[in-house]
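1. next input, structure requested:
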Amino acid sequence: MKAPIVVAKLDRLSRDSPFHQRADDAAGAVHRCRARRNVDPFMLHIYAALAEKERALISERTKVALQAAKERGVKLGNQAQADANKAAAAARDASLKATLIELSAKSYREIAQELTGRAIAAPRGGAWNAMTVMRAMKRLGIAGQSTSA
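-> Numbering: from 1, shown residues only. Okay, here's the model as predicted:
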């Protein structure tokens with residue numbers, strides 16, 4: 001037996017009507033707490049279509065408002081956070097400079113494997129990849145090889 005999905009409101013699950021149909025098919029039933037009793041699948045489809053339309057309207061209003069703000073000269077985003085991220089990347093790259101120079105004769109892929117093998121943390125954690133190595137070397141002005149191994 002399939003377990004039903006219970007949501008407070010239809011648009012809390014998704015504002016995509018095909019998603020609602022797939023959820024109903026997969027779970028057997030999607031129970032909506034605020035839906036009227038004995039609401040048939042057709043009316044639920046209508047509610048899902050209205051939620052999808054509202055999502056499109058919200059997106060359009062947001063795009064228009066952001067464009068108007070840009071035209072007024074408003075700076076969007078968090079510049080302090082962007083500067084902090086840039087400084088952190090520069091510090092991380094500087095700490096790797098000697099290692100990257102030592103490995104620069106290898107391909108980006110081989111360097112990535114070497115850094116991962118040495119348990120040197122990648123910028124977002126996890127394993128290094130060729131593109132991350134290439135970008136770090138570019139920021140440091142180190143010439144490297146191709147990505148092929």
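2. how about the secondary structure of the residue nearest the centre of the chain?
-> Centroid check for the chain by C-alpha atoms, centre = their mean gives residue 124 as the closest residue, at 12.9 Å. At residue 124, secondary structure determined by DSSP: H, G, I helix; E, B strand; the rest coil is coil.
3. how close does it sit to residue 95?
-> Separation of residue 124 from residue 95 (C-beta to C-beta, to the nearest Å) stands at 16 Å. For every residue, glycine as well, the C-beta is placed using N, CA and C.
4. okay, the residue nearest to the centre of the chain: pLDDT?
-> pLDDT, residue 124: 82.
5. and the protein, what are its domains?
-> For the chain, automatic domain parsing gives the domain ranges 5-71, 79-140.
6. and these, which one's lowest on average pLDDT?
-> domain 5-71 - the lowest mean pLDDT of the domains of the chain, at a mean of 75.
7. just say helix, strand or coil for residue 67.
-> helix.
8. how about the contacts made by it?
-> Counting by C-beta atoms under 8 Å, 6 or more residues apart in numbering, residue 67 touches no other residue.
9. likewise for residue 76?
-> Per C-beta under 8 Å, 6+ apart, neighbours of residue 76: 66, 69, 70.
10. the first one: neighbour count?
-> This means residue 66. As a burial measure, residue 66 scores 12 neighbours (other C-beta atoms under 10 Å).
11. got it, and the last one?
-> Neighbour count of residue 70, defined by other C-beta under 10 Å: 11.
12. in a helix, it, correct?
-> Yes. Counting by three-state DSSP, one finds residue 70 located in a helix.
13. residues contacting it?
-> Neighbours of residue 70 in contact, by C-beta under 8 Å, 6+ apart: residue 76.
14. can you pull out the helices in this structure?
-> 10-13, 17-27, 41-71, 79-103, 108-117, 130-140 (DSSP state H).
15. and the fifth one, what does it pack against?
-> In terms of contacts (3 or more C-beta pairs under 8 Å, 6 or more residues apart in numbering; DSSP states H and E), helix 108-117 is packed against helix 79-103, helix 130-140.
16. other SSEs contacting the shortest one?
-> In this case it means helix 130-140. Under the contact rule (3+ C-beta pairs under 8 Å, 6+ apart), helix 130-140 is packed against helix 79-103, helix 108-117.
17. what sits against residue 82?
-> Counting by C-beta under 8 Å, 6+ apart, residue 82 has no contacts.
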